[in-house]
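Colleague: Have a look; sequence and predicted model below, questions after that.
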2 protein chains.
Amino acid sequence: MTDHTKLKVTEMGRMSVEDFRNSIKIPITVVLDNVRSMYNVGSVFRTADAFRLEQICLCGITSTPPHPEIHKTALGAEDTVSWTHYDNTLDAVSELRRHGFMIIAIEQVKNSIMLQDFNINTNQKYALVFGNEVKGVQQEVVDLCDDCIEIPQFGTKHSLNVSVTAGIVMHHFARYYIYGM
Amino acid sequence: MTDHTKLKVTEMGRMSVEDFRNSIKIPITVVLDNVRSMYNVGSVFRTADAFRLEQICLCGITSTPPHPEIHKTALGAEDTVSWTHYDNTLDAVSELRRHGFMIIAIEQVKNSIMLQDFNINTNQKYALVFGNEVKGVQQEVVDLCDDCIEIPQFGTKHSLNVSVTAGIVMHHFARYYIYGM
């Protein structure tokens, strides 16, 4: 029978905070457009750490570290992943565009591309924009984006939780950069 | 320029609760092994609704609906997705095996299979077991599983949030059943 003994944390080969800071990142920036819940902000930090992403732009009312509520779900990842705060999400998007990022809103819009159909170019830098828990990404921010991606959904509720959405999309992109699929 | 007008909820083509109940589900059961946070339980309900999964087994200390804290993140999905409570996760796993499910723990163990390398057989029914926020899936539950899947991680933290992990894995499996990839 296969040995399925659970690994100790020391057996998982995780990086130190210093090694993380010096490591080459996946060239993806996560933009949070007015995310209200610090639980969600912390969770996005934790996922961005796991997939070694470049940075997070915290925009508008999105809270910034250090904060005990963010720490509850980030569990220290708020100290590893680089972040910047912008009062206005439009400023973040404009600056990212100037730095050569392709800007993608994750939003249910006319002519959105389903996640599995989006062609990821691993020579490209992407900024992935996730929106407020109730309102989603603002229309004026969507209008500045190069494209919109949607996660196909088949149930009764109109959307997924934002930290789950961000997890699915970050994982999907990271896979292409790391495994080419 | 492409029209990226945000969709109204009525334009998203979501199902009614009754249509959901009568619909054919993806033959996946989610097993929560002593998940402590009702926020996580609610979020798993919401994701299972989005991907139209069969049912959720809430085991041990995992809370059950109806509960205001579960409702906060499930937003009604606790009324659409079927669920059962088991005092002991081992009983849930044994019963699922008798009903022909292949049992997969999502856990970091010796000889785990990386998510993208796991061959999904869409003629098979799967039970996906997710564990407690701190302790993960109990070793004795892992020992009863047919296989273990791990989400590759490259950062400093030892794991992802359980509702994010569940979201990534549910999405990955649902994609195979719906799109064959």
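Modeller: Nice, I can see it. Residues are numbered from 1 along each chain as shown, chains lettered A, B, ... in the order given.
Colleague: which residue sits closest to the most centrally placed residue in chain A, ignoring its sequence neighbours?
Modeller: In chain A, the C-alpha nearest the mean C-alpha coordinate belongs to residue A:30, at 4.0 Å (Cα atoms, centre = their mean). Among residues not flanking residue A:30 along the chain, residue A:56 sits closest, at 4.7 Å (Cβ to Cβ, 6 or more residues apart in numbering or on different chains). Glycine gets a C-beta too; all of them are placed from N, C-alpha and C.
Colleague: Now name the helix or strand holding the one you found.
Modeller: Counting by DSSP states H and E, the element that carries residue A:56 is strand A:53-59.
Colleague: got it, and residue A:121?
Modeller: Applying DSSP H and E as the criterion places residue A:121 outside every helix and strand.
Colleague: thinking again about what came up before, direction included, what does the strand holding residue A:56 pair up with?
Modeller: Under the criterion DSSP bridges, strand A:53-59 sits next to strand A:26-33 (parallel), strand A:82-86 (parallel) in its sheet.
Colleague: Moving C-terminal from it, which element do we reach first?
Modeller: In the C-terminal direction, the helix or strand that comes right after strand A:53-59 (DSSP H and E) is helix A:68-74.
Colleague: So residue A:75 is in contact with residue B:157, correct?
Modeller: Yes. Taking Cβ atoms under 8 Å as the contact criterion, residue A:75 and residue B:157 are neighbours in contact, 6.0 Å apart.
Colleague: Looking at the two, which is more packed in?
Modeller: For residue A:75 and residue B:157, the more surrounded residue by other Cβ atoms under 10 Å in any protein chain shown is residue B:157, and the numbers stand at 22 against 19.
Colleague: so the more buried one is in which element?
Modeller: With DSSP H and E as criterion, residue B:157 is part of no helix or strand.
Colleague: where's it relative to chain A, distance?
Modeller: As for residue B:157, its distance to chain A is 5 Å (criterion: Cβ to the nearest Cβ, to the nearest Å).
Colleague: That residue contacts residue A:14, doesn't it?
Modeller: Yes. Applying Cβ under 8 Å, one finds residue B:157 in contact with residue A:14, separated by 7.0 Å.
Colleague: in chain A, which helix has the most residues?
Modeller: With residue count as the measure and DSSP state H as the assignment, chain A has helix A:162-179 as its longest helix.
Colleague: what mean pLDDT does that helix have?
Modeller: For helix A:162-179, the per-residue pLDDT values average out at 97.
Colleague: can you give me the angle it makes with helix B:162-179?
Modeller: Calculated by axes from the mean of the first three to the mean of the last three Cα atoms, to 10 degrees, helix A:162-179 forms an angle of 70 degrees with helix B:162-179.
Colleague: any residue of helix A:162-179 up close to chain B?
Modeller: Yes. Using Cβ under 8 Å from any Cβ of the partner chain, helix A:162-179 reaches chain B at A:163-165, A:167-168, A:171, A:174-175, A:178-179.
Colleague: Identify each buried residue in stretch A:106-122, please.
Modeller: Taking 16 or more other Cβ atoms under 10 Å in any protein chain shown as the neighbour-count basis, stretch A:106-122 is seen to contain the buried residues A:106-109, A:112, A:115, A:118.
Colleague: still on that earlier bit, okay, and the common contacts of residue A:75 and residue B:157?
Modeller: residue A:46 (Cβ atoms under 8 Å, 6 or more residues apart in numbering or on different chains).
Colleague: Leaving out sequence neighbours, find the closest residue to residue A:39.
Modeller: Leaving aside its sequence neighbours, residue A:39 is closest to residue A:73 (5.2 Å, by Cβ to Cβ, 6+ apart).
Colleague: re earlier: which one of the strands paired with strand A:53-59 lies nearest to residue B:122?
Modeller: strand A:26-33 (29.9 Å; Cβ to Cβ).
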